[in-house]
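[1] need the 3D shape of this:
(chains A and B)
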There are 2 protein chains.
Amino acid sequence: MSLTFALPPAAQVGQPADTIDTPSLVLDLDVFERNVARMQAAADQAGVKLRPHAKAHKCPDIALAQMARGAVGICCQKVSEAVPFVRAGVQDIHISNEIAGPAKAKLLAELARHARLSVCVDDLRQIDALAAATQAAGTTLDVFIEVDIGQGRCGVADGAAALPLVACIAAHPQLRLRGLQAYHGGIQHLRGWTERRDAAARAADRTGSAIARLEAAGVRCEVVTGGGSGSVEFDLGSGVYTEIQPGSYVFMDADYGSNAYTGALRFEHGLFIATAVMSVAAGDRAVVDAGLKSMAVDSGLPWIWNEGAPSATLGYVAANDEHGIVRPKREGDVAALPALGSRMMLVPGHCDPTLNLYDELVGIRGGTVAAIWPVAARGLSR
Amino acid sequence: MSLTFALPPAAQVGQPADTIDTPSLVLDLDVFERNVARMQAAADQAGVKLRPHAKAHKCPDIALAQMARGAVGICCQKVSEAVPFVRAGVQDIHISNEIAGPAKAKLLAELARHARLSVCVDDLRQIDALAAATQAAGTTLDVFIEVDIGQGRCGVADGAAALPLVACIAAHPQLRLRGLQAYHGGIQHLRGWTERRDAAARAADRTGSAIARLEAAGVRCEVVTGGGSGSVEFDLGSGVYTEIQPGSYVFMDADYGSNAYTGALRFEHGLFIATAVMSVAAGDRAVVDAGLKSMAVDSGLPWIWNEGAPSATLGYVAANDEHGIVRPKREGDVAALPALGSRMMLVPGHCDPTLNLYDELVGIRGGTVAAIWPVAARGLSR
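    All right, here's what the predicted structure looks like:
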């Protein structure tokens, strides 16, 4: 075999969208731009800064588009994830997470030579590790204390529990306390609008209490960061967040699409898996070429998209590693089944881990491939 | 930012295994070699050829190790997946799947210049596409007719339904009918040993009937390929398969580990996710740095490994995108919780899609990193 034998690309700019090789990850660029603009306008109107979460897209082209619209920077969830964004020129990155181990603290401290970086803490020992790494690197870091506002994952319990961390950060001149992170992931996926509104209000109350407790101790929280795509309309009006960090709104997925929205702030589905029918031999189902290795199913199976809405006649009912099973929604309605070789667009159940499966995102506009964007932080989970 | 800023590697050969950066995908090479040898010995003893499935590992180093032990070639599930294996020198690859669309047929026909390749069909139109592509490329392909032996996914219903495909293949001199593929994925994960044995026997009966029907029509099946890691002891003794195609046995995962095995042919867990505790602030749980982007959870959550067995005291109870939640198995047993920064090894629920998340596999032996193997076919799902 010739060592120069190259796999042909899945898509090239200018090619008709319905000839993209399958399975591929496809983004409708018009929808994407509307989603980006809508979130920025809502944040601007509320006087709250927008720092979109790059863990959803892992794509520097998207981060730069968000910042060109007015985002103040981005969030990453892992230190290694930040590297391609710094390399692409993003100058302000918040690691919205605690980090474990000296290797990560060292990398973060070294990255801080090239961009403004911040990170979360919820334990004195994490602060010690950051202090040692920044001292060794000769750099400075912004630090956020994470407060648990109901998720029960990371974060100190309340404002009082944050006070020893405040004192510890203050003891290290190369660390600067920037404020609080207060995020509740579980709220994002509550289906009912009033249920989500009420849960977001309870979470904002806890955030407000933590801020007040710190202020009573003379500690000012310059930045309070949190919020997500499912709760953003409530987060923006809560009065406690100075900065929101939604991620999935640029794409929307079937899980977020299953939420009820009654407010004015809505986002459109723009992310798809292009797939093709590879077998119809069984007669009562079609087998498509996108399975578990082409989309995350942890939040449910994908929707089959049909002219702007989930298909009324066909359902994607099971995913194997490399196969998807498509059946008629009405039993026995085999006339609805797609033909061998025909194509469909799937809305993935959960966008973040789906992006993490692909090396590139195929941008389409008006039925034509208009961009190929590297998912440069794919797999960077350290 | 300097464009030459490079992310440090997760591990380097010679480094202590307990200093590998987290999360990382780790393979115990001694276990791996025992698993490879054990499967080869069982196939040799049964007089059945072993063609391991590379969809499980996507790693040319592993394929070459399997072939050095006696495997006759490998299976891939996708045409693009085969490219790095052909490039690494694997000369005999079976695409154990139907393919959709002219781009894939073209790639397959062009790859056939560099290695012996075969592919499955279950529809006359697939044969037409292969005939056109091989004619254009000036190459030849081996073709297998897939028979559905109970899975209800791809494949013709029985031997009679295969006959029109036999005639169609015979009409194209550049295509050669090699035999039948008969695989039932669902059997692999039946938990009870007798349940699995009986289901494998029913599937083998259907395979045998298809072979007999073709023989009655004067069609000889030179190769009958099928079987998997969960059914292999039955497949080898069934008398119908000339070749088996198990994949997961090299690693084993929590799902396969949940099967009951009473026979002599057993495989050991050798694949792990190294993870570290990043937060203990909640007090009643530990948060580790490996979540949905570091392992597939479609077949269940990972086991926490402790001295060769699932931990009796700790469970990994929930996965978020970048977080895992670890709780004591006995309620309130917080003394069992791991310390901040401590490390653990997880046995992933499902190995195939977990491998598809990582660019490299860190091989360890005797507590030291002994190899870094690229997962070269990661993400190649077209």
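[2] which residue ranges form the helices in chain A?
    A:29-46, A:60-69, A:79-87, A:102-111, A:124-137, A:159-170, A:193-216, A:232-237, A:254-257, A:351-355 (DSSP state H).
[3] now the ones you listed as JSON lines including distance to B:Ala6, mean neighbour count and mean pLDDT?
    All C-beta spots, glycine's among them, are computed from the backbone N, C-alpha and C. Putting the helices of chain A into JSON lines (distance: least, Cβ to Cβ, whole Å; neighbours: other Cβ atoms under 10 Å in any protein chain shown; pLDDT from 0 to 100) gives the following:
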{"stretch": "helix A:29-46", "distance to B:Ala6": "30", "mean neighbour count": "18", "mean pLDDT": "98"}
{"stretch": "helix A:60-69", "distance to B:Ala6": "16", "mean neighbour count": "19", "mean pLDDT": "98"}
{"stretch": "helix A:79-87", "distance to B:Ala6": "8", "mean neighbour count": "24", "mean pLDDT": "97"}
{"stretch": "helix A:102-111", "distance to B:Ala6": "11", "mean neighbour count": "22", "mean pLDDT": "96"}
{"stretch": "helix A:124-137", "distance to B:Ala6": "16", "mean neighbour count": "19", "mean pLDDT": "98"}
{"stretch": "helix A:159-170", "distance to B:Ala6": "30", "mean neighbour count": "18", "mean pLDDT": "98"}
{"stretch": "helix A:193-216", "distance to B:Ala6": "38", "mean neighbour count": "18", "mean pLDDT": "97"}
{"stretch": "helix A:232-237", "distance to B:Ala6": "36", "mean neighbour count": "22", "mean pLDDT": "96"}
{"stretch": "helix A:254-257", "distance to B:Ala6": "35", "mean neighbour count": "20", "mean pLDDT": "93"}
{"stretch": "helix A:351-355", "distance to B:Ala6": "23", "mean neighbour count": "26", "mean pLDDT": "98"}
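[4] now the ones you listed as JSON lines including distance to B:Gly208?
    Output for the helices of chain A, formatted as JSON lines (distance: least, Cβ to Cβ, whole Å):
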{"stretch": "helix A:29-46", "distance to B:Gly208": "53"}
{"stretch": "helix A:60-69", "distance to B:Gly208": "54"}
{"stretch": "helix A:79-87", "distance to B:Gly208": "52"}
{"stretch": "helix A:102-111", "distance to B:Gly208": "56"}
{"stretch": "helix A:124-137", "distance to B:Gly208": "62"}
{"stretch": "helix A:159-170", "distance to B:Gly208": "68"}
{"stretch": "helix A:193-216", "distance to B:Gly208": "56"}
{"stretch": "helix A:232-237", "distance to B:Gly208": "60"}
{"stretch": "helix A:254-257", "distance to B:Gly208": "42"}
{"stretch": "helix A:351-355", "distance to B:Gly208": "41"}
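[5] for B:Arg34, which of those is the nearest?
    Checking the helices of chain A against B:Arg34 by Cβ to Cβ gives helix A:102-111 as the closest, at 31.3 Å.
[6] remind me what the closest one packs against, helices and strands.
    With contacts taken as 3 or more Cβ pairs under 8 Å, 6 or more residues apart in numbering or on different chains; DSSP states H and E, helix A:102-111 sits against helix A:79-87, strand A:116-121, helix A:124-137.
[7] and these as CSV, adding distance to A:Gly341?
    Shown next, in CSV, are the helices and strands packed on helix A:102-111 (distance: least, Cβ to Cβ, whole Å):
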stretch, distance to A:Gly341
helix A:79-87, 36
strand A:116-121, 49
helix A:124-137, 54
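[8] test my guess that A:Arg213 contacts A:Ala161.
    No. Using Cβ atoms under 8 Å as the test, A:Arg213 is too far from A:Ala161 to be in contact (9.3 Å).
[9] what sits against the spatially most central residue of chain A?
    When Cα atoms, centre = their mean is applied to chain A, the residue found nearest the centroid is A:Ala56 (2.2 Å). A:Ala56 makes contact with A:Gly247, A:Ser248, A:Val250, A:Phe251, A:Cys351, A:Asp352, A:Leu355, according to Cβ atoms under 8 Å, 6 or more residues apart in numbering or on different chains.
[10] quick one: contacts for the nearest residue to the second one once chain neighbours are set aside?
    Nearest residue to A:Ser248, sequence neighbours excluded (Cβ to Cβ, 6 or more residues apart in numbering or on different chains): A:Ser229, at 4.3 Å. Contacts for A:Ser229 (Cβ under 8 Å, 6+ apart) come out as A:Gln188, A:Pro246, A:Gly247, A:Ser248, A:Tyr249, A:Met252, A:Tyr256, A:Phe267.
[11] determine which two of the contacts of A:Ala56 are furthest apart.
    Maximum distance among the contacts of A:Ala56 (Cβ to Cβ): 11.2 Å, for A:Val250 and A:Asp352.
[12] neighbours around the nearest residue to A:Gly379 once chain neighbours are set aside, how many?
    The shortest distance from A:Gly379 to any non-neighbouring residue, by Cβ to Cβ, 6+ apart, is to B:Asp359 (5.5 Å). B:Asp359 has 14 neighbouring residues, counting by other Cβ atoms under 10 Å in any protein chain shown.
[13] residue contacts, B:Asp359?
    B:Asp359 touches A:Gly379, B:Pro374, B:Val375, B:Arg378, counting by Cβ under 8 Å, 6+ apart.
[14] apply 10 Å and report the result again.
    For B:Asp359, the contacting residues are A:Arg378, A:Gly379, A:Leu380, B:Ala10, B:Leu25, B:Pro374, B:Val375, B:Ala376, B:Arg378, B:Gly379, by Cβ atoms under 10 Å, 6 or more residues apart in numbering or on different chains.
[15] just name the shakiest helix or strand of chain A by mean pLDDT.
    helix A:254-257 (a mean of 93; mean pLDDT, DSSP states H and E).
[16] which other residues reach that helix?
    With Cβ under 10 Å, 6+ apart as the criterion, helix A:254-257 contacts A:188-189, A:191, A:228-230, A:248-249, A:267-269, A:271, A:295-296, A:298-303, A:305, A:310, A:316, A:346-351.
[17] cheers, nothing more for now.
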